[in-house]
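In: let me see the structure of the following:
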Amino acid sequence: MNLAVARQVAALGGVGRIRPAPGTWGSAVVLPLAFAGPVVCLGLATALIGLGAWAIARLKEENGSDHDPSWVVIDEAAGMLVALAAVPPGVPWPWLLAAFLLFRLFDIVKRGPVGWLDRRRGAAWVMLDDVAAGAMAAAVLTAGRWLGL
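Out: Predicted coordinates for the structure are as follows:
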């Protein structure tokens, strides 16, 4: 496929070019998909992981670097969808806000497995650090629901 297509996929059709904080915009753009339910969120996350790995690998071919440019936000969208999979349909909106804030916190701070994955080289790792941040957010949300919060 064309390199321009890979750029558009990686930037979520231009969302990654929004300033400031393109990663936050890349996370926010998928929030409405929470209303489709956890299964849809996980399915879309899986699709974005595959598309993102392809697009990032294609970009690497172009510039010879594993660098994760700030305009590449498909990884944030995939990770956010993983977090949203822990939010059942019909819960009050603060749960969506909590999913968003937890995901962004884990993605930005990069502690534990998120940081370890972020330091790996290759297209898949660019995607997987955000998936780990989403999984960590999902774990906190699930624990909160179990505790009756």
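In: from P88, how far off is L12?
Out: 25 Å (C-beta to C-beta, to the nearest Å). Backbone N, C-alpha and C define where each C-beta goes, glycine included.
In: I'd say A137 and W95 touch.
Out: No - counting by C-beta atoms under 8 Å, A137 stays clear of W95, with 11.2 Å between them.
In: low-confidence bits of this structure, can you list those?
Out: 1, 63-67 (pLDDT under 70).
In: could I get the full set of helices for it?
Out: Assigned by DSSP state H, the chain shows helices spanning 3-10, 22-28, 38-63, 74-84, 93-109, 113-118, 123-146.
In: how about the last one: buried residues?
Out: Of the residues in helix 123-146, those scored as buried under the neighbour-count criterion (16 or more other C-beta atoms under 10 Å) are 123-138, 140-141.
In: who are the neighbours in contact with R145?
Out: R145 makes contact with A86, according to C-beta atoms under 8 Å, 6 or more residues apart in numbering.
In: let's have the chain start at 625 instead
Out: Renumbered: residue one is now 625, and that last one reads R769.
In: distance of it from P737?
Out: Taking C-beta to C-beta, one finds R769 at 22 Å from P737.
In: ok, now D753?
Out: In terms of C-beta to C-beta, D753 sits 8 Å off from P737.
In: same question, V696
Out: 20 Å.
In: cool, R744 as well?
Out: From R744 to P737 the distance is 11 Å (C-beta to C-beta).
In: more neighbours, the two?
Out: Higher neighbour count among R744 and P737: P737, with 16 against 12, using other C-beta atoms under 10 Å.
In: with adjacent residues omitted, what lies nearest to that one?
Out: A756 (4.7 Å; C-beta to C-beta, 6 or more residues apart in numbering).
In: perfect, that will be all.
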